[in-house]
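Test case, fold it:
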Amino acid sequence: MAKRRDVIAGMAALPLVAWAAGAVSPAFAQEAESGLDGDRLATSEGDVIIHPVNHASLLLGFRDQVIYVDPVGGAELYAELPAPTAILITHGHGDHFDVPTLEAIATGGIPILTTQEVFDKLPEALKANATALANGDEGSLNALPVAAIPAYNTTPDRLQYHPQGVGNGYLLKFGDAIVYVAGDTEPTPEMLALENIAIAFLPMNLPYTMTVEQAAEAVNSFKPGIVYPYHYGDSDLDAFEAAVGEGVEVRRANWYPNGA
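Here you go, the predicted model:
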């Protein structure tokens, strides 16, 4: 049976959307200890470093922490990067979950936070340090608060790709800033109800996730300070950026260094 983490101390009475109440506006400044380079988000407790890897794989650095999100592609892809201190996995599709990559990089008993679907597929050696979060659960990675946001398709002809109740998006709390990694999803009521998100990573590629129009409508609804389109394939980012309203900064990063 999957291990389950206790609700974050002091947060049991707070809805997830209240986490970032009073959060500062995103800004890039200061130094971090993670060893990563990339865009920076200043928080009350130091910078978050955003380092795209490929498609849906990214690294988030915070102080001495390096969190790998959906690492796939083989150990070589991560050979020049700082070793992970924790791993976050959104669901079991091959562009988000790859056992050989995990076996190569998840050394030293580092924690893995994931879904029940992925937990059940992990080798025993990785399972020993893994925790499954169901939609709506809260937990932590090396004392960093994490909450699981449902990630699923809502359009009738796409429901088979990501059924409700299987995949997670995640909220990660870094100091006074909340980062939202959406995973594979369309706009859902849970996403649209989010508030005070400093950075959101949103997917947009058909038929699996959102259209450009859906992604822009979602952003204009929950209004993160910064949005990174990721997992976008050949989607029209110019059209996405043009459709995003004032008050949200669209940041583009090189998610496809070898082509989409």
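
Nearest residue to the middle of this protein?
Nearest to the mean C-alpha position of the chain, by Cα atoms, centre = their mean, lies residue 181 at 2.5 Å.

That one and residue 107, how far apart?
23 Å (Cβ to Cβ, to the nearest Å). C-betas here are computed from N, CA, C, even on glycine.

how about the strands in the chain?
39-43, 46-54, 57-62, 65-69, 86-88, 112-114, 130-132, 138-141, 144-151, 167-174, 177-181, 199-203, 226-230, 249-250 (DSSP state E).

Which strands or helices does the fourth one pack on?
In terms of contact count using 3 or more Cβ pairs under 8 Å, 6 or more residues apart in numbering; DSSP states H and E, strand 65-69 is assigned the packing partners strand 57-62, strand 86-88.

where does residue 158 land on pLDDT?
Here the pLDDT value assigned to residue 158 is 85.

To residue 130, which of the helices and strands packed on strand 65-69 lies closest?
Closest to residue 130 of those, according to Cβ to Cβ: strand 86-88, at 8.7 Å.

Need the contact partners of the closest one.
65-71, 102, 105-106, 110-114, 141-142, 144, 146, 170, 172, 181 (Cβ atoms under 8 Å, 6 or more residues apart in numbering).

what is the orientation angle of the top helix by length along the chain with strand 177-181?
In the chain, ranked by residue count with DSSP state H as the criterion, the top helix is helix 212-222. Inter-element angle recorded for helix 212-222 and strand 177-181: 160 degrees (by axes from the mean of the first three to the mean of the last three Cα atoms, to 10 degrees).

ok, now which ones touch residue 217?
Contacts of residue 217 (Cβ under 8 Å, 6+ apart): 187, 243.

Then residue 35?
By Cβ under 8 Å, 6+ apart, the neighbours of residue 35 are 61, 66, 82.

Let's see that with 6 Å instead.
Counting by Cβ atoms under 6 Å, 6 or more residues apart in numbering, residue 35 touches residue 82.

Next, find the distance separating it from residue 230.
From residue 35 to residue 230 the distance is 22 Å (Cβ to Cβ).

Please apply the same query to residue 243.
In terms of Cβ to Cβ, residue 243 sits 17 Å off from residue 230.

More neighbours: those two, which one.
residue 230 (25 against 16; other Cβ atoms under 10 Å).
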